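Peer 1: Have a look at this prediction, sequence included:
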Amino acid sequence: MNSLVRYLDRQSETQATVLSLLLFLAVGVLDYVTGVAVSFAIFYLVPIGLATWFAGARKGVRMACLGALMGGAMEYLGMARYSHFIILYWNAAARLGVFLIVVFLLSSVRSWGYELARRVEERTALLAMEIEERKRTEAEREVVIAELRDALSNVKHLYGLLPICASCKRIRDDQGYWNDVEEYIRKHTEADFTHGICPDCMNKLYPGMGVPSPT
């Protein structure tokens, strides 16, 4: 069934209309052969529905009118006996009304289906764009995190307890080597040294230079 629908959906409106006309002829012949005792009115809905669904509402309306006329013609040719001739026209009008209702319902369902498919496509496109945007944002975030990690890995700092010699004031590193304070700080921080002399050392090493000691 699905393969038949897909096949018909690939056909042009003209091909769908021609197929509907052929079905009309087949139903009309069967309606004529069986006579007025057996009603074939419902079978006219097959070509009408086919034309409406695959060729459009206008073609469906035309097929509905054709079906009503053909049904009336089959009754007339079948020598149906009615108490009044107007019954023939009434039956044709009733069939036309039913056919038009079917055309309207099928056309509405088809239009609703197209609208729903369009909205689904739009929503899918928006979701795809949102997913791409999130992926791009995530990639940018990963780059920023990597840059921050690189920056932090290059930051040197001191923390914890440092083993320092009570006599020479050297500091022991993680490998067990003893380093001068200046060398150790240079290795483990971004700090550097400029050399000078404090007033106490100046008076101690160079007495009489006139440098007052801090009180």
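Peer 2: Great, that's in hand.

Peer 1: SS state for the residue nearest the centre of the chain?
Peer 2: The residue lying closest to the centre of the chain (CA atoms, centre = their mean) is Thr124, at 2.2 Å. Secondary structure for Thr124, judged by DSSP: H, G, I helix; E, B strand; the rest coil, is helix.

Peer 1: What ranges does the chain have for its strands?
Peer 2: 171-172, 178-179 (DSSP state E).

Peer 1: if we can go back for a sec, where's the residue nearest to the centre of the chain relative to Gly113, distance?
Peer 2: Thr124 sits 16 Å away from Gly113, going by CB to CB, to the nearest Å. The way it works is simple: take the backbone N, C-alpha and C, and place the C-beta from them, glycine included.

Peer 1: Ok, Glu138 next?
Peer 2: For Glu138, the distance to Gly113 equals 37 Å [CB to CB].

Peer 1: Then Ile145?
Peer 2: According to CB to CB, Ile145 stands 47 Å off from Gly113.

Peer 1: If you average pLDDT over each of the strands of the chain, which is lowest?
Peer 2: Mean pLDDT is lowest for strand 171-172 among those, at a mean of 84.

Peer 1: elements contacting that strand?
Peer 2: In terms of contacts (3 or more CB pairs under 8 Å, 6 or more residues apart in numbering; DSSP states H and E), strand 171-172 is packed against strand 178-179.

Peer 1: Okay, now the sheet partners of the strand it packs on, with direction.
Peer 2: strand 171-172 (antiparallel) (DSSP bridges).

Peer 1: Averaged pLDDT, stretch 52-66. What do you get?
Peer 2: With pLDDT averaged residue by residue, stretch 52-66 scores 88.

Peer 1: For that stretch, buried residues please.
Peer 2: 52-57, 59-66 (16 or more other CB atoms under 10 Å).
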